[in-house]
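Enquirer: Give me a 3D structure for the following:
(chains A, B and C)
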Amino acid sequence: MSTIRVRSAASYWLAVPAAAWMLGVVVVPIVLLVWVSLWGGRAFSTASPLTIDNYIRFFSNQTYLKLVGTTLVHTATLMAVTGVLGYCIAYFLTMKVKSPLWRTVLFLAFIVPFWTSTLIRAIAWVPFLGVNGVINQTLMFVGATQSPIEAFLYSRTGITMAQVSLYTMMAAGPVVYMLNSIAPQLREAAMTLKAPPLTVFWRIVFPLTLPGVVIGQVLVFLNVMSDFATVATIGGNKHALLSNLVLLFYEGSQIRAASVVAVLLMVCMLIGVVVALRVVDIRRLGADR
Amino acid sequence: MDTLTAKVDDPAAPVTVRPQLDLELRGVRKRYGDFVAVDGVSLKVEKGQFVCLLGPSGCGKTTTLRCIAGLEEPDDGGILIGGKEVTRDPPWERDIAMMFQDFALFPHMTVAKQVGFGLEMLKKPKSEIASRVKHVLKSFEIASLADRKPGSLSGGQRQRVALARAMITEPRILLLDEPIGALDYSLRETVMLELKLLQQRTGISFIWVTHDQNEAFSLGDLVVVMNHARIEQQGPPEEILQRPGTAFVAGFVQGNNVFRGRVAEIADGHVRIETPVGPFFVPFTGAAPVAGGEASFSVRAELITDAPSERHGNRVTARCTAVEYFGSVRRHIFERPDGEVLKYDQFGAHAARIAIGQTAELGWQKEDCVLHGRVQR
Amino acid sequence: MTRWPRIGWKTRLSLTSWILGTVTVIFLTYQWLPIFTLGLLSFSGPTGGTTFPMNGTSFHWYQEVWRATVMNDFKPPLMRSTLLAAACSLTTIVLSVMAAQAMRGQFRGNSWFFYLMLLGIMAPGILVGFGFAIMMRILGVELSWDTTTFLVQVSWTLPFGFLTMLAVFNRFDTRVEEAALTLGASRLKTFRRITLPLVLPGVIGAGLFGFSLSYDEYARSMFTTGPDTTLPLAVMAQLDRQLTPEIYAIGTTTTLFSLIAVTLCTAGLWAMRRSTSLRRS
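Expert: I've put the predicted structure just below:
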């Protein structure tokens, strides 16, 4: 018994406002994009005839196709880097730090930036990466290079560097959660069954944290795919990924083209999420514990 | 136990063949910061012995077990398994297996995979693993569960899987940490009997940690009572039940009445101990206690009578505050003049003679008292 | 029988700890260094640029932000962002408490409802913002920071508030509610007098979370804000024109505010955990 009766009408009505809000502001607009991407003609009109010309136009352009490839490669790079880095950090923080004080301090140092503005954190990388930036100044001071390296700001390397600092926390968070839910006795039981530490990790710990790894990868995937702000801030106008293209077309009042790219983005993400869910059944998370 | 079958490592050993011990602890010490968890524990376990580590929670019995398993590293002392020094060896290099309190089954592995894990670690060929797993599952009557995962098993089934997983590698010693504590009460008796039979059949030494004295006394060949990180007494169950060595053991084991006082006089094989409820005569063997020193002794509740005669040299008068009937015995709880509790068990088949609130004189023979010694180290 | 003393296996394993620890510390430095640099550079002298050397230390750039007019005046966007964040925060609190309470009622289709909320977190801001802008255009609704942006931002803050409240209710000991109900209190009264005070720190946490998310929101707002922009949009616009230490000053201030919000949030949740654990012991 609690303050709400199970399966009561009241519980249903309490959920209605939130559900309506999410349907109206998230679901309907996204479905709308699919419709708009099929509009023919030139005017902004709901009476536009439906056609797939917009898609044909997009896919027949080599530059755009290459951009899709670049976006996917860039995203995969970030998933790999943040995945490995995030797992190492998550493992260290949950399994290796014994003192509760240090664990709290390091945890906070790890997650607090995540709570501050992503935009500001991306901007904070600009003075680092520029031709006269901190990295170049340091390199020249140390003597590692004579003239400043221009490869940082306005480059994919710079974008990757900034995004690694922005999204590693997303890859690590779910892993921390899964690591915490592994009873220490499981590892000890494996050891008494003659498994050395590395085997314990690959046979026991890693499989049990796999759902966390996958969820973390999905989060990084979704965020990097749609992160146009960091790309714009650090890449300037020189570099664009798929999500920047949406913005570019939108600002050029090419609503149809923008919708096509948006739908494409959406399809990529859906495929990503579905593939991930085939590996891990989110709904059954924690059911076996 | 048949000591003649004990293996001897070195054929050129001295003529005095020492039967090999399965386990030997030599003054094992373990502390966490300021807290001493295990303080100089020494223990010898002979081949195929069933040993129960008994004590209240926090007494160090589980830490001792974990030291044997290698999950904890002792600060001092030595551990020998099968005559081989293993003190600094990691768990995966020791000839042991362990069963955990909540069984610690791997949630992502099927029962068959789980049971075969130990053999896989020993790098056995796949075909051998499959056939041995099949055989073991059958003998533990869990063959039908082979493809299930632990999440869908009942408590009793989990216990069997955990046992099968531990036993399949045929270790020298099986360590069990409260192995039936997580089971339903109704299951425990059966499981205890099965485990005892299994131990006798396989000849593997069992080290069983428990806080339940019924478990310890009905299963153990050797019972080790621990308190405050130390061994208070070790011996066969009968010895611990009938001749508790310390006041703690006497108080911890059910059915003892403990008296504390000072040694007043020593004469013809008895000490007279002055206690707050009067003087008592207690026999002693070996070295005589020091007159004037503190002493304690105990007497079992079923050795007391409510109709003392000439023979019953020790007497006390007390008021009955409660009567509990267990069928085989009728236990009377008395309040002694000094406020302590005195238990008197009457044979259950006899008619009740003492009512609640009644004051009675109770007595017992001098020879029924057990004088406590010092804590064994 | 005695062997050469070996190093304990637990000691040997600490090598892994050192490697992983080094990785962690390097990453933490990597993560924090830009933030600290941003803060440091915001105090550079009047002649200082957007990178080192700082040419002295001063509050010059903070004063610039304060004094600026028209083009790079950040005061009105700051005002709008704050008001918007407060509105989103309040709406989130009300709706997420309702929704989480509804989940406890296990109404039909509650798993679908849960996924709908999850979708709000998963769906990229750029798609939601763009789609919503088109929907408004079709419906003929004028875009404005206090109407359309508000609607869109709540769809972003609400799921987080909802998940926070679900977590809070999961930890919540329903036996205290049962006790109140058996003492004759009505469900509504029990909720107001027992449940709400107990989960209040969690509610405040959800509110602060919502405030911070709305205040920093960028992608959704970009498509749905009319001529009067919010702070992140104004910062981005200024960045497009020229990078100046004024942006650093704003960034530092914003980050400080976020940190204060996080601290309050953590303290609130900690206080709640403490008070409930006291109740349990």
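
Enquirer: residues contacting the residue of the stretch 101-250 of chain C found nearest chain A?
Expert: Residue of the stretch 101-250 of chain C nearest chain A, by Cβ to the nearest Cβ: C:Gly105 (2.3 Å). Just so you know, the C-beta spots here come from the backbone N, C-alpha and C atoms, and that holds for glycine as well. Contacts for C:Gly105 (Cβ atoms under 8 Å, 6 or more residues apart in numbering or on different chains) come out as A:4-8, A:10-12, A:14.

Enquirer: Where does the prediction get shaky in the chain?
Expert: If you meant another chain, say so; for now it's chain A. A:1, A:131, A:148, A:150-153, A:281-289 (pLDDT under 70).

Enquirer: my question was about chain C
Expert: C:1-8, C:11-13, C:48, C:50-51, C:53, C:69-72, C:269, C:272-281.

Enquirer: and the longest helix seen in it, anywhere near chain A?
Expert: If you go by DSSP state H, chain C has its longest helix at helix C:245-280. Yes - part of helix C:245-280 sits near chain A under the criterion Cβ under 8 Å from any Cβ of the partner chain, namely C:247-248, C:251, C:254-255, C:258-259, C:261-262, C:266.

Enquirer: Which of the residues in that helix are classified as buried?
Expert: C:245-255, C:257-259, C:261-262, C:265-266, C:268-269, C:272, C:276 (16 or more other Cβ atoms under 10 Å in any protein chain shown).

Enquirer: circling back: so which of the contacts of C:Gly105 is surrounded by the most neighbours?
Expert: A:Leu14 (23 neighbours; other Cβ atoms under 10 Å in any protein chain shown).

Enquirer: Do I have it right that that one meets C:Ser96?
Expert: No - when contacts are counted by Cβ atoms under 8 Å, A:Leu14 is not listed as touching C:Ser96 (10.8 Å).

Enquirer: Now for residue 168, how many residues are close by?
Expert: Using chain A here. For A:Thr168, the neighbour count with other Cβ under 10 Å is 28.

Enquirer: Chain C, not that one
Expert: Neighbours around C:Val168, by other Cβ under 10 Å: 23.

Enquirer: wait, is it part of a strand?
Expert: No - looking at C:Val168 with DSSP: H, G, I helix; E, B strand; the rest coil, it is helix, so not inside a strand.

Enquirer: I'd assumed C:Leu200 was in contact with it.
Expert: No - in this structure, C:Val168 is not within contact of C:Leu200 by Cβ under 8 Å, at 9.7 Å.

Enquirer: ok so C:Trp18 is a helix residue?
Expert: Yes - checked against three-state DSSP, C:Trp18 lies within a helix.

Enquirer: could you redo the contacts of C:Gly105 as JSON lines and give each row distance to A:Arg256?
Expert: What follows is those, written out as JSON lines (distance: Cβ to Cβ, whole Å):
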{"residue": "A:Ile4", "distance to A:Arg256": "47"}
{"residue": "A:Arg5", "distance to A:Arg256": "50"}
{"residue": "A:Val6", "distance to A:Arg256": "48"}
{"residue": "A:Arg7", "distance to A:Arg256": "46"}
{"residue": "A:Ser8", "distance to A:Arg256": "47"}
{"residue": "A:Ala10", "distance to A:Arg256": "45"}
{"residue": "A:Ser11", "distance to A:Arg256": "43"}
{"residue": "A:Tyr12", "distance to A:Arg256": "40"}
{"residue": "A:Leu14", "distance to A:Arg256": "40"}
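
Enquirer: Kindly indicate which of those lies nearest B:Phe326.
Expert: Here the nearest of the contacts of C:Gly105 to B:Phe326, counting by Cβ to Cβ, is A:Val6; it sits at 44.8 Å.

Enquirer: contacting residues for that closest one?
Expert: A:Val6 is in contact with C:105-106, counting by Cβ under 8 Å, 6+ apart.

Enquirer: Confirm it sits in a helix?
Expert: No - using three-state DSSP, the secondary structure at A:Val6 is coil, not a helix.

Enquirer: residue boundaries of the helices in the stretch 201-350 of chain B?
Expert: B:213-219, B:237-242, B:247-252 (DSSP state H, counting those that start in this stretch).

Enquirer: Just the buried residues of the last one, please?
Expert: Same thing as helix B:247-252. Those would be B:247-250, B:252, for helix B:247-252 by 16+ other Cβ under 10 Å.

Enquirer: Contact partners for the residue lying closest to the residue of the stretch 101-250 of chain C closest to chain A once chain neighbours are set aside?
Expert: Closest residue to C:Gly105 apart from its sequence neighbours, by Cβ to Cβ, 6 or more residues apart in numbering or on different chains: A:Ser11 at 2.3 Å. By Cβ under 8 Å, 6+ apart, the residues touching A:Ser11 are A:4-5, C:101-107.

Enquirer: and A:Ser11, how far is that from B:Gly357?
Expert: From A:Ser11 across to B:Gly357, the span is 58 Å (Cβ to Cβ, to the nearest Å).

Enquirer: The stretch 51-200 of chain B: strands as residue ranges?
Expert: Residue ranges of the strands in the stretch 51-200 of chain B, as given by DSSP state E, counting those that start in this stretch, are B:76-81, B:84-85, B:96-99, B:173-177.
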